[in-house]
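> Got a sequence here, can you build the structure:
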Amino acid sequence: MAKTTKTLLTLSIASLIIGLIFVTGIINVQSTAAWYVSLPLGAVCFGLFLIFKMLETETALYDDEHQLHTASATAAVTDNEKPQNGAYSTHGREASHATR
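Prediction:
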């Protein structure tokens, strides 16, 4: 798991547990109602964790594919720019302008 995924999982579990403690009344926090936000925060973080977990393999596949395409494009450009008999390739253009 990536660092972001682990962080989201840890944050969601902690927020869900804290939120359940406050909602069930084990710890009375009626004077500061802002603590009740921890339960929905845990649910949101858990949803983000699931999304990141599903996309983790897709991003790895995309990175591999992108690296392969970049390497093949670089190899193709390098092959086209190799000097031939001491002169550079003209890439389909006339070798000399004197024939005009």
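> Show me where the protein dips below the pLDDT cut-off.
81-100 (pLDDT under 70).
> buried ones in stretch 2-21?
By 16 or more other Cβ atoms under 10 Å, the buried positions in stretch 2-21 come out as T5, L8, L9, L11, S12, S15, L16, I18, G19. For the C-beta atoms, the positions are set from N, CA and C on the backbone; glycine is no exception.
> so how far is the helix or strand hosting T70 off the chain centroid?
Using DSSP states H and E, T70 sits in helix 38-80. From the chain centre to the centre of helix 38-80 is a distance of 5 Å (Cα atoms, centre = their mean, to the nearest Å).
> which other helices and strands contact that helix?
Using 3 or more Cβ pairs under 8 Å, 6 or more residues apart in numbering; DSSP states H and E, the elements in contact with helix 38-80 are helix 3-24.
> For the closest residue to S15 other than its chain neighbours, list the residues it contacts.
Spatial nearest neighbour of S15, excluding adjacent residues (Cβ to Cβ, 6 or more residues apart in numbering): G42 at 3.2 Å. Applying Cβ atoms under 8 Å, 6 or more residues apart in numbering, we find G42 in contact with L11, S12, I13, A14, S15, L16, I17, I18, G19.
> Tell me how far G42 lies from I17.
Distance, G42 to I17, by Cβ to Cβ, to the nearest Å: 8 Å.
> Check K6 too.
Relative to I17, and taking Cβ to Cβ, K6 is found at 17 Å.
> what about I26, which SS state?
Following DSSP: H, G, I helix; E, B strand; the rest coil, I26 is assigned to coil.
> Give me the phi and psi for it.
Main-chain torsions, I26, degrees, to the nearest 10: phi -60, psi -40.
> Tell me which residues touch the residue lying closest to P40 once chain neighbours are set aside, please.
Using Cβ to Cβ, 6+ apart and skipping the chain neighbours, the partner closest in space to P40 is G19 (7.4 Å). By Cβ under 8 Å, 6+ apart, G19 lies in contact with Y36, S38, L39, P40, L41, G42.
> redo that, cut-off 10 Å
G19 makes contacts with W35, Y36, V37, S38, L39, P40, L41, G42, A43, as judged by Cβ atoms under 10 Å, 6 or more residues apart in numbering.
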